[in-house]
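Undergrad: Any chance you can model this:
(2 chains)
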Amino acid sequence: MSRRSVCFVVLLLLAAPLCADAPGVYAITGGTVHPVSGGAIEKGVVIIRDGLIEAVGANVAIPPDATVIDVKGGHVYPGLIDAATSLGFVAAPRRRGFGGGGGGAPAAAPASQAPETSPAFLAVREAKLSDDDVEAKRATGVTTILTVPSSGIFNGQSVILNLGEGSMEARVIRAGATQQVSFTPRAAWTYPDSLMGVISYIKQSLLDAQQNAAALAIYNQNPAGNKRPDQSASADALAAVLRRDVPVVFVADSELAMRRAMAIANEFKLRYILSGARQGYRMANDLKSIPVLVSVKWPAAPASKEDKEEQPLRVIRDRQLAPTTPAVLQKSGVNFALVSGPAKSGEFIAGIRKAIENGLSSDDALRATTLAPARILGIDRQLGTLEKGKIANVVVSDKPIFDEKAKVTRVFIDGRETKLPSPEDTARRGAAAAADASPVEGTWRITVKTSTGDASITATLHVENGVVTGTFSGDRGSGSIRNGSIDGTTVEFTIAAKTETEATDWVFHGTVSGTNMNGTVSTNLGTFQFSGSKGQ
Amino acid sequence: MKKRAASSGRRAGVAVIAFFAAVAAFAQSRDSVVAIRDATILTVTKGKIEHGTVLIRGSKIAAVGPNDSVTVPAGAQVIDAAGKFVLPGIIDTHSHTGVDGSVNEISLPNTGMVRIGDVMTNEDVSAYRQLAGGTTTALVLHGSANPIGGQSQIVKWKWGHPVSEWPVVGAPRTIKFALGENPKSSNFRPPPGTPLQYPQTRMGVEEVIRKSFTDAKDYTARWDEYDARRKRGENPLPPRRDLLMETMADILRGNIDVHSHCYRADEIMMLLNLSDEMGFKVRELQHVLEGYKVAREIAAHGVGGGTFIDWWGYKAEAYDAIPYNVALMERAGVLTSVNSDSDELARHLNQDAAKAMKYGGLTEEEALRLCTINPAKQLRLDSRIGSIEVGKDADLAIWTGHPLSTYSRVESTFVEGEMLFDRQRDLQLRKDLAKEKSDRLKKEADDEAAKKKKDAAAAPAKKPEDTNE
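TA: The predicted structure is shown next:
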């Protein structure tokens, strides 16, 4: 059956405005309209026609052909824009043979991160959004996302999508919107496997693109007698960045990482955006001329009291001050948006609430999730406010959208009402997430049998889409888990193990069985056995 | 590479808490005047002054001499240091402190394109602890995993300052070379499935270095030809700019100083001969535990040696090490220093210097030079640091007794005139920071409890709301 005939049947059966092929005319009435372009309008009206907003106001005549939707007592907003996600990219390691479904035997191949990214990587071609992903996002009021993989150094060219129903082509707001760069070293023994190597690698890649562009320009004018330069999609992609046609998004959370990104951007005169920025509270004055996407995935405290007390004050202080970043940036006049970063859908709104609890006004939070990201991404003529002529992404919630008890009740994208997850969907998704999270999710007490004695390390691991993240602390210092992945029950991750004299990468390869994990650690002093057990 | 390190006790509350002094940036006016009165001043280059005064103006030493020869201007901060000693800030030419991420870019035989200076962090508490041991300047080196490692960085431990202020402005650029077991991967292996990395022998190490310089000469020639053709009015395609080759070419031009990790006499001679052959200068041999066997050759090449006084036998290539190495090299005319390769040893290099009086009979002043003016010369910064002289950077520490005594400790440490460590202030900071930590944890616990209570209270009210759809 074709899609169109499915729609027809659905229409006949339900007479519900769910068909993707019929944008239609709607009048949303009876609610408080928050257009963002101006103040709230009590009992306001929003008219949607053919996918666009036709009118917004208190005294708007309702067209005779409109379907009237009375949302009495509800709140009407422009769809939220989440300008930093990796939705649609299963960062799970590639499986050997027939990939996909779980339940099979763990792959024999060592886990490695997918997809293989480069500056030429096109998110628009590779993103595979599941209905679950999209609906979960809509349920938080998000109608537009930017997505790009989080793996690799050059994560690739992102795409901005409307989360309506229909094909990828129909969803695209802008392909190749940004070029994203992460300071993520590769696995040991693959250049670059250190942070300083990553910086050199990024600079060399930009230099190569510069050289390639200069050589091509001369060659195209005068091919005779000149050696033909290489044609490189990656160099072309970076040439666009060097011409400032495409902004670079640097993923950088800490002050030091942000400053490293700023140094590269200034050296190559890039147009750029900082993403992550959770230590933005420390350096608001230096961010005044830089668009910032603040991730609301705030640092979490360890579960146990003992672990909390063992953390240095520096970490505790940072955990408590990070959520003040939005309020601090707002006060300093920084151009910022709030993004989910690597957070799960449900955590986006909770993270925004935490920013509000830490001093950001609800109005500023709304702006930071609508007009501000639209401006930063250069799509504010199409999106970000409820104004005549803009794309009709409209969200209705029963209470003010950032209220703890608020529920998104209706979502229009490109002027079509879209499906929200049913309670069953949500329950099923929760169960799937729990299944996905196990068996690695949790706090592990790990003992490494090194040649100089046992080293005890506590690692708190978190899994999302096959990527293992988290933190570690113990006899070898503390820090973040890097290059983490899980494939079935095979887990792999790297820590920068610090001794008195140096920090070197320890690469863990282990197998999880219930609450036990065993395997080997590759270090600069040799390969050692480790064993771990999961606490509560 | 290093002697193995004891794991640092993470529960060592005192030390950890001292770390938080980071935030308490010790503001001090750039033009302030400090007078350290009535101390025994160990100038290192101009002898010992009993009952002497050091006058610091801004970041420089403005005057030094016997008490009655130095006029202390009105308004100066006067520190009574009667019975105490003043030593120039200790200089450590082998450090890995304050590096974010791995100190080794391990992936290639030559990683001269990477730079420690790009990844310095001011959040490594070890920097503060080193100030507490009187150490003020360090050469922060790339690791020794490959024959040519990354570019290194000379810094001062300006604790509490932005990391951008830590590099010594105008200091020479430096790079790490490494010979022997580590660069041929004897002491570590890649994980199963990853191929072994070239080189696997000392022969291979030599060839990596030789070939890198040969390639750099080709690279320079290519750019010279390009420039020549441009001058002739042609419009040739530009060659590739290669950060690694530019580094190698800069070594050949003398713009980057080579500090090479080494152990055995044969590999030391290999590097000296190779430097003659390829035309580059080795500034300092690091570790150089068999330096005593070829000390005259090292001295003849004008190469320095930075070594451990009494670490030996921790791997095969360290079996022939002797504690007399320092004295033997020094007496043979090698510019010699003691350095740390360790966050821990970096806090008491004065003691390693003192041991050179026992092992080999260096004089007091010769011993003091091992951790002050000699490393300053090895870093080519001796016009600015390494001794207490008028016009030099005011990097110095006040000691409770003679720094060559194991019973002496540091009271206060100044970097460019700013007191960045002070024992009394530290004691107070520990209390303040412990209080902040317990307050913050308490607030977190209270918030959590309040939220639980609120959730519990809200739970029964949920039912009618659910039916509201």
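Undergrad: excluding its backbone neighbours, what's nearest A:A368?
TA: A:L338 (4.5 Å; Cβ to Cβ, 6 or more residues apart in numbering or on different chains). Where you see a C-beta, it was placed from the backbone N, CA and C, and this is true even at glycine.
Undergrad: Just give me the neighbour total for residue 51.
TA: In the absence of a named chain, this looks at chain A. 17 (other Cβ atoms under 10 Å in any protein chain shown).
Undergrad: my bad, the chain I had in mind was chain B
TA: B:H51: 13 neighbours (other Cβ under 10 Å).
Undergrad: Where does it fall, secondary structure wise?
TA: strand B:48-57 (DSSP states H and E).
Undergrad: which other helices and strands contact that strand?
TA: strand B:33-42, strand B:60-66 (3 or more Cβ pairs under 8 Å, 6 or more residues apart in numbering or on different chains; DSSP states H and E).
Undergrad: and of these, who's closest to B:A299?
TA: strand B:33-42 (26.1 Å; Cβ to Cβ).
Undergrad: Would you reformat the helices and strands packed on strand B:48-57 as JSON lines and include mean pLDDT, distance to B:E444 and mean neighbour count?
TA: Formatted as JSON lines, the helices and strands packed on strand B:48-57 follow (pLDDT from 0 to 100; distance: least, Cβ to Cβ, whole Å; neighbours: other Cβ atoms under 10 Å in any protein chain shown):
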{"stretch": "strand B:33-42", "mean pLDDT": "98", "distance to B:E444": "41", "mean neighbour count": "22"}
{"stretch": "strand B:60-66", "mean pLDDT": "98", "distance to B:E444": "46", "mean neighbour count": "18"}
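Undergrad: shaky segments in chain A?
TA: A:1-22, A:90-115, A:342-343, A:433-438, A:465-466, A:500-502, A:536 (pLDDT under 70).
Undergrad: Okay, domains of it per the record?
TA: Using automatic domain parsing, the domain parsing of chain A gives A:1-78+A:388-437, A:80-90+A:114-383, A:438-534.
Undergrad: Quantify the burial of B:I251 by counting its neighbouring residues.
TA: Other residues close to B:I251 by other Cβ under 10 Å number 27.
Undergrad: in a strand, that's where it is, yeah?
TA: No: applying DSSP: H, G, I helix; E, B strand; the rest coil, one finds B:I251 to be helix, outside a strand.
Undergrad: Now it. Nearest residue, chain neighbours left out?
TA: Going by Cβ to Cβ, 6+ apart, B:I251 has B:F280 as its nearest residue, at 5.2 Å.
Undergrad: Of all the helices and strands packed on strand B:48-57, which one is nearest B:A456?
TA: Closest of the helices and strands packed on strand B:48-57 to B:A456 is strand B:33-42, at 59.6 Å (criterion: Cβ to Cβ).
Undergrad: can you tell me the average pLDDT over the helix or strand encompassing B:D218?
TA: Assigned by DSSP H and E, B:D218 belongs to helix B:202-231. Helix B:202-231 carries an average pLDDT of 98.
Undergrad: For the helices and strands packed on strand B:48-57, could you give me JSON lines that also reports distance to A:N285?
TA: Formatted as JSON lines, these follow (distance: least, Cβ to Cβ, whole Å):
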{"stretch": "strand B:33-42", "distance to A:N285": "31"}
{"stretch": "strand B:60-66", "distance to A:N285": "30"}
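Undergrad: Mind checking those strands for the one nearest to B:D352?
TA: strand B:33-42 (16.4 Å).
Undergrad: Flag every residue of the stretch 51-200 of chain B that's near chain A.
TA: B:96, B:99-108, B:111, B:113-116, B:118-119, B:121, B:123, B:142-143, B:145, B:150, B:163-164, B:187-194, B:197 (Cβ under 8 Å from any Cβ of the partner chain).
Undergrad: max-length helix in chain B?
TA: Criterion DSSP state H: the longest helix present in chain B is helix B:423-458.
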